[in-house]
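J.: next come a sequence and a model predicted from it.
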Amino acid sequence: MDTSSAGTTDLRHLETPLRDDVRLLGQLLGQVMAADRGTAFVERIETIRALAKDARAGVRGGWPRLSEYLADIPAREMVDVARAFNQFLNLANIAEQHHLTRPHRDRQVKLDLPDDARLAEALASLDIELVLTAHPTEVLRRTLIQKYDQIAEALAAHDQNAALGNSDRDDSLLRLERLIAEAWHTDEIRQSRPRPQDEARWGFAVLEQSLWQALPRLSRELDAALTARGQTPLPVTAAPVRFATWMGGDRDGNPNVTADVTREVLMLARWMAADLFARDVELLIGSLSMRRCSDEMRAVAGETAEPYRALLKTLRDRLVRTRTWAADLDPTPPKDPDAICYTHASLFEPLHLCYRSLLDCGMTTIANGPLLDTLRRVAAFSVHLVRLDVRQDSARHTQVFDELTRYLDIRGDGSGYADWSEQARQQFLIAELASRRPLFPVEWPVSAESAEVLDTCRVVAQGEGVGIAQYVISMAMTPSDVLAVILLLKSAGLKRNLPIVPLFETLDALDGAAASIDALLSVPWYREYAAGYQQVMIGYSDSAKDAGQLAAAWAQYRAQEGLVGVAKKHGVRLALFHGRGGAVGRGGGPAHAAIRSQPPGSVAGSFRVTEQGEMIRWKLGFPALAQQTLRRYITATLEATLSPPRAPEPAWRDAMDRMSATSLASYRALVRDDPSFVELFRALTPEQELGILALGSRPARRHAVPGIGSLRAIPWVFAWTQVRVMLPAWLGTDAALHEAVTNNHTDLVRAMLSWPFFSMQIDMLEMVLAKTDPMLVKYYAKRMTTPEQQDKVAALSERLYELTHDLLHITGTGHLLAGEPELAESLLVRNTYLDPLHLLQAELLHRYRNAIDDKDVVEQGLQVTMAGISSGLRNTG
């Protein structure tokens, strides 16, 4: 958009290559817009940007001039104005992502492995699993995402041509302009909500287009690092990083995820795996033309001139038949499982045989080429590409057994399962688990909700649990919640001991997590079922919404400490599953800092975490970026395993207890106890209008009940972020830090900065405060709220100012993000383009709520502003 010299100073502090890329993409966007809308439109955009720059710089009267200028724009033109700033912010994101992966960049993420004699063993046994979820924070259409990916590729190609002085540079510029034109002429917003299957396909596309390439490249890096240290490279069976998904499996509060959807997604994954491996094998057939082979290979391939090709052609044909089988969307094993690649071994063994033969025959270089890459992919992706979690609320399982026991009148007193004590429930469940007779009658008056639960269990059992990672139970509080799921799966015909994972996601649940798991592992029948392994999920989003960020974070830390102790007591291996969001108010933050901030002993070579919404694209969206992200996870997990952080000092724990209590009381005093808060939230933010965005397949509320309680954590955070309050990330923490400062505990709090857990809380708070903007908040309040509500917003802004003062006093820095100059400058650049979007959004909200102008046009403009603000701030939900 930078079509004149007016925007040059906006970028002056950025690194030169990044500044050049941002300017280039902006200039190309300006040319595209001029060709479409004329130079007058581009000049209007430049005028708005200059006014926004003046307002941001504090020029007297700057904000009123910008506001008045925008308010005079007709609604239809507002849409294109918003689109222009939205497109620039997305192009700036592309430039920044490319810059992060630019070769020879000083701050590029390197593979920095610990210098430890145990490194090879630790890497071989490393168990990191990234769980891709379809939480509705990705506002862009998949079509537009694909175009942005192409722009990123074209920018990289242009960068390379420029560096090498290639004559193709002009061609790459033309391609960039064409792709930007395609993006400009494409609607940013979905017209209808995606189906769960659509979300799953988007997740599979990330696996195909990015992770499929990134993972073997990373494995080569790891092998080289081990070899350089004189240690053994990774075994071909090792998979330090694997991938799972909730897309198509998470039905908690989402009626759109049915048993049929789960069945379809499972088979789509099988089809995609077979297709990708068939492509790999076809390439291997072309390259492995050698005649010499081992006796073991000859015995399988027979007397043929090209044994490797013969064996691989057979494997290719099986993979083609696998695709045909999977296309029918029926997970029932075929009559002849050997005719397809049904099991992991059926895919791995032929490839491994080729690998062993090449090594035996001295062709090590060939063996460690593309064939080893494919073996690495088999280890990580297997025949199912990605493992699917099934998630459901414990209340739905209770409902099934309550309906059954009331119908059968099990106790002869008319009571149902829901009425029984925990002891009575356990006795019933364990007796039925030991029984050989069918649990459910052939016909009985089962409700539609319970029938859906039973159908889901049948889908899991139908495919023998292949491709299913585990069953996650929301709001699991007692042993019977876990035993109930095991009985449901057994009754459906599942013979495998599928891991059952309780999820603790409220403050009370986190406080009781250790006692709950202790009770579960004290049940002899379950302890035998678990076979020495227990996974537990920690919910960050809902606990933060329930208690506020600081109190929730401390509860999560203490829960993990307690769970580590319980696992040690019972002699089981504990794996913790972290349900983190992208935003700080939902547990988000840099992966390395997040892992290093976990309690001592809680990582132990294993780390499972969700990657949600738009964060998938920003962290894993293309191979070089994904490779950097995976490096971070591996390095941090190894560090936390081989050199765990020390336990916090007793004084630090006491301080955290005090601050947590203060934070909780302050947070709930406003969010729970202030009767006017909900109306303020709805008036100030676009929470009620988020529904027009068609963000994802899941409803914004768990239940059709007004109020904060039923609102999901994601729209809760998203709405506050849109108006730059970021309230979920700091409310309550401000009171805790202020109390510490005013009570002369500053030195103690400063000492706590050497504790990774507390340091991360402060770092994330600082980043959040840098993204808040009291001036914009005041503008929204003046445009959208009553005078009484404006007083409350002013009080919130005052708390933000006070929090910033206290934080800088603790850190001893003169301004926010003093240690992150790149991020600080990036935010300054973005603000010039975000400010008009915010003011446009406030104007459009006013028109939307007061039925001014064409509703459809105003609605479209609102959608674009929400998408643009989301893209500009990046971690919005």
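T.: On my side now, so go ahead. Residues are numbered from 1 along each chain as shown.

J.: Gln87 and Trp184 touch, don't they?
T.: Yes. Counting by CB atoms under 8 Å, Trp184 is a contact partner of Gln87 at 6.1 Å. For the C-beta atoms, the positions are set from N, CA and C on the backbone; glycine is no exception.

J.: joint contacts of the two?
T.: Leu29 (CB atoms under 8 Å, 6 or more residues apart in numbering).

J.: and these two? which has more neighbours close in?
T.: Gln87 (26 against 20; other CB atoms under 10 Å).

J.: so what's Leu234 up against?
T.: Per CB under 8 Å, 6+ apart, neighbours of Leu234: 120, 123-124, 219, 222-223, 226, 240.

J.: let's see it at 7 Å
T.: 123-124, 219, 222-223 (CB atoms under 7 Å, 6 or more residues apart in numbering).

J.: of the residues you listed, closest to Arg411?
T.: Ala124 (52.7 Å; CB to CB).

J.: quick check: phi and psi on that closest one?
T.: phi -60, psi -30 (degrees, to the nearest 10).

J.: wait, doesn't it sit right on Pro235?
T.: Yes. Applying CB atoms under 7 Å, one finds Ala124 in contact with Pro235, separated by 5.8 Å.

J.: who has more neighbours, these two?
T.: The residue with more neighbours, out of Ala124 and Pro235, is Ala124; 17 against 12, by other CB under 10 Å.

J.: phi, psi of the nearest residue to the more buried one once chain neighbours are set aside?
T.: Closest residue to Ala124 apart from its sequence neighbours, by CB to CB, 6 or more residues apart in numbering: Ala238 at 4.7 Å. Main-chain dihedrals, Ala238, degrees, to the nearest 10: phi -80, psi 140.

J.: surely Gln535 is within a strand?
T.: Yes. Per DSSP: H, G, I helix; E, B strand; the rest coil, Gln535 lies within a strand segment.

J.: for it, give me its contacts.
T.: Neighbours of Gln535 in contact, by CB under 7 Å, 6+ apart: 470, 499, 501, 575, 577.

J.: so the first one is in which element?
T.: Here Gln470 is covered by strand 468-474, with elements defined by DSSP states H and E.

J.: next one: the fourth one
T.: Of the helices and strands defined by DSSP H and E, Ala575 is found in strand 573-579.

J.: which is the next helix or strand following that strand?
T.: By DSSP H and E, the next helix or strand past strand 573-579 is helix 591-596.

J.: list the contacts of that next one.
T.: 580, 603, 607, 629, 632-633, 635-637, 639-640, 645, 756, 760, 763.

J.: related to what we said a few turns ago, wait, which of the contacts of Leu234 is closest to Arg60?
T.: Leu222 (57.8 Å).

J.: so how far is Pro216 from that closest one?
T.: 10 Å (CB to CB, to the nearest Å).

J.: for the two, indicate the residue with more neighbours.
T.: Taking neighbours as other CB under 10 Å, Leu222 and Pro216 compare with Leu222 leading, 24 against 18.

J.: quick one: that one from Thr364, how far?
T.: 18 Å.

J.: which residues of the stretch 1-150 of the chain fall in helices?
T.: With DSSP state H, counting those that start in this stretch as the criterion, the stretch 1-150 of the chain has helices at 16-37, 39-57, 62-71, 75-100, 119-124, 142-164.

J.: go through those helices and pick out the most buried.
T.: helix 75-100 (a mean of 22; mean count of other CB atoms under 10 Å).

J.: returning to what we had before: of the contacts of Gln535, closest to Ala842?
T.: Nearest member of those to Ala842, counting by CB to CB, is Phe577, at 39.8 Å.

J.: any low-confidence regions in the stretch 51-200 of the chain?
T.: 103-109, 135-140, 163-169 (pLDDT under 70).

J.: repeat that for 80
T.: Within the stretch 51-200 of the chain, the ranges that satisfy pLDDT under 80 run 101-110, 134-142, 161-170, 189-193.
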